[in-house]
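1. Need coordinates for the below:
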Amino acid sequence: MSIFDLRIETERLILRPLLREDYEPYLAFCADEATMRTLGGVQPPSVAWRGFCSLAGAWQLFGFSMFSVIEKSSGDWIGRMGPWQPQDWPGTEVGWGIRHASWGRGYAPEAAVEGFYGVYLQNVGYDPDTDEFRNPLVDGTFREMPYLSQEMIAHVDDLMASGSLMADPFLCAQDVPQSFSVEEVTVDGDFASIVVATSFEGHSFTVELALRDGQWWITGVVCGG
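-> Down below sits the predicted model:
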């Protein structure tokens with residue numbers, strides 16, 4: 001399977017690695033003053049080309065990079081978001097940018113939830129290569145996953161230390177669902193809540209997020225929908 005076959009989908013969005021067809025909308029994104037106001041300012045095509053190639057090439061060279069964000073209803077490329085680690089950067093950051101024309105629709109926090117649960121479900125359950133059961137809670141790799149706030153990480157650590165954990169605190173279940181979907185997005189200023197349904201019949205939970213320094217962070221998961 002090619003890395004360019006990777007897809008994360010919800011009812012409204014598709015997240016996938018950058019493709020050649022994304023180049024023109026990416027140029028328009030970088031040329032829009034409102035979109036680029038907090039992203040370093042408008043970029044000429046020559047600079048935008050370098051950025052586009054860096055994002056696309058990082059998938060092949062390092063195995064991770066920002067995703068293209070595709071709006072399902074229109075098929076439009078509307079932005080990019082995901083993990084990014086420049087040279088000499090102290091760690092992996094998670095960034096996002098949505099074109100100005102698509103602001104106000106709750107796409108950024110929705111994409112953050114897509115990104116986290118897409119990665120989480122890929123790293124929990126039986127490894128097809130080794131047939132060993134992987135658990136990010138046990139091996140601690142959840143702490144390195146994108147979009148988790150420090151208080152959420154600390155809360156899960158406290159639950160693990162207490163010995164009272166009866167279910168996965170991110171999935172609100174003892175078993176691993178095959179899939180998830182975003183059912184409802186509510187944004188109120190710098191806070192958002194997103195209802196997530198899983199492949200288990202009648203099962204859902206609510207993910208709470210906060211916008212800080214231009215980035216959406218998961219601050220809590222409320223079980224029971």
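
2. Any buried residues in the top helix by length along the chain, and which?
-> When the chain is parsed with DSSP state H, its longest helix is helix 45-62. Within helix 45-62, the residues that count as buried by 16 or more other C-beta atoms under 10 Å are 48, 52, 55-56, 58-59. Quick note: C-beta positions are derived from backbone N, CA and C, even for glycine.

3. Is it possible to get a markdown table of those residues that adds pLDDT?
-> Shown next, in a markdown table, are these (pLDDT from 0 to 100):
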| residue | pLDDT |
| --- | --- |
| 48 | 97 |
| 52 | 97 |
| 55 | 94 |
| 56 | 94 |
| 58 | 92 |
| 59 | 91 |
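
4. How far does the longest helix of the chain sit from its chain's centre?
-> Averaged C-alpha coordinates place helix 45-62 at 19 Å from its chain's average position (C-alpha atoms, centre = their mean, to the nearest Å).

5. distance of residue 170 from residue 155?
-> 11 Å (C-beta to C-beta, to the nearest Å).

6. more neighbours, those two?
-> Per other C-beta atoms under 10 Å, whichever of residue 170 and residue 155 has more neighbours is residue 170, with 23 against 15.

7. and the more buried one, that one's in a helix?
-> No - Residue 170: not assigned to a helix; according to DSSP: H, G, I helix; E, B strand; the rest coil it is coil.
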